[in-house]
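Trainee: following is a predicted model, sequence given first.
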Amino acid sequence: MAELFASGHIVDLILGFTVLEGIVLAAWRRRTGRGLATADVLGMLLPGMCLLLALRCTMVGAWWGWTAGWLLASLATHLADLGRRRAGARPQTIIATEKPPER
């Protein structure tokens, strides 16, 4: 377990699960028509993924510029998501509204 952390592969594992989460959410949306739009899912996941990559850089002792770059990428993707939401793009959650059976 210590090697998993020392090598930074724990972050790779978490990134894999995050990508899988995005795929599952997109598939759910495509199959049912419900759930968050792809842009909303990306807006939520990308900043966190960039932070994870910055963490990985520090864990493996990479050049500080890579860490700073991933932190800036996280900020940029977060601000882009906030700007998109502020401009009126609300999450497009579709909720099924069925009428109750008549009695």
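Mentor: Happy to help now that I have it.
Trainee: just want the most central residue of this structure.
Mentor: The centroid of the chain falls nearest to Leu45 when counting by CA atoms, centre = their mean (0.9 Å).
Trainee: so that residue is in which element?
Mentor: helix 38-59 (DSSP states H and E).
Trainee: distance from stretch 6-19 to the middle of the chain?
Mentor: In this view, stretch 6-19 has its centroid 14 Å away from the chain centroid, taken as CA atoms, centre = their mean, to the nearest Å.
Trainee: if we can go back for a sec, name the next helix or strand downstream of the helix holding Leu45, please.
Mentor: Taking DSSP H and E, what comes next after helix 38-59 is helix 64-86.
Trainee: what angle sits between that following helix and helix 38-59?
Mentor: Using axes from the mean of the first three to the mean of the last three CA atoms, to 10 degrees, the inter-axis angle of helix 64-86 relative to helix 38-59 is 160 degrees.
Trainee: for helix 64-86, list the C-alpha coordinates in PDB.
Mentor: Extracted in PDB, the C-alpha atoms of helix 64-86 (Å, rounded to 0.1, in the frame of the first residue of the first chain):
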ATOM      1  CA  TRP A  64       7.100  22.600  -9.500                       C
ATOM      2  CA  GLY A  65       6.000  24.100 -12.800                       C
ATOM      3  CA  TRP A  66       3.800  21.000 -13.600                       C
ATOM      4  CA  THR A  67       2.100  21.300 -10.200                       C
ATOM      5  CA  ALA A  68       1.500  25.100 -10.800                       C
ATOM      6  CA  GLY A  69       0.200  24.300 -14.300                       C
ATOM      7  CA  TRP A  70      -2.300  21.800 -13.100                       C
ATOM      8  CA  LEU A  71      -3.400  24.200 -10.300                       C
ATOM      9  CA  LEU A  72      -3.900  27.000 -12.900                       C
ATOM     10  CA  ALA A  73      -5.800  24.500 -15.100                       C
ATOM     11  CA  SER A  74      -8.100  23.700 -12.200                       C
ATOM     12  CA  LEU A  75      -8.800  27.400 -11.600                       C
ATOM     13  CA  ALA A  76      -9.500  28.000 -15.200                       C
ATOM     14  CA  THR A  77     -11.900  25.100 -15.600                       C
ATOM     15  CA  HIS A  78     -13.600  26.100 -12.400                       C
ATOM     16  CA  LEU A  79     -14.000  29.700 -13.400                       C
ATOM     17  CA  ALA A  80     -15.200  28.600 -16.900                       C
ATOM     18  CA  ASP A  81     -17.900  26.400 -15.300                       C
ATOM     19  CA  LEU A  82     -19.000  29.300 -12.900                       C
ATOM     20  CA  GLY A  83     -19.100  31.700 -15.800                       C
ATOM     21  CA  ARG A  84     -21.200  29.300 -17.900                       C
ATOM     22  CA  ARG A  85     -23.600  28.800 -15.000                       C
ATOM     23  CA  ARG A  86     -23.800  32.600 -14.300                       C
END
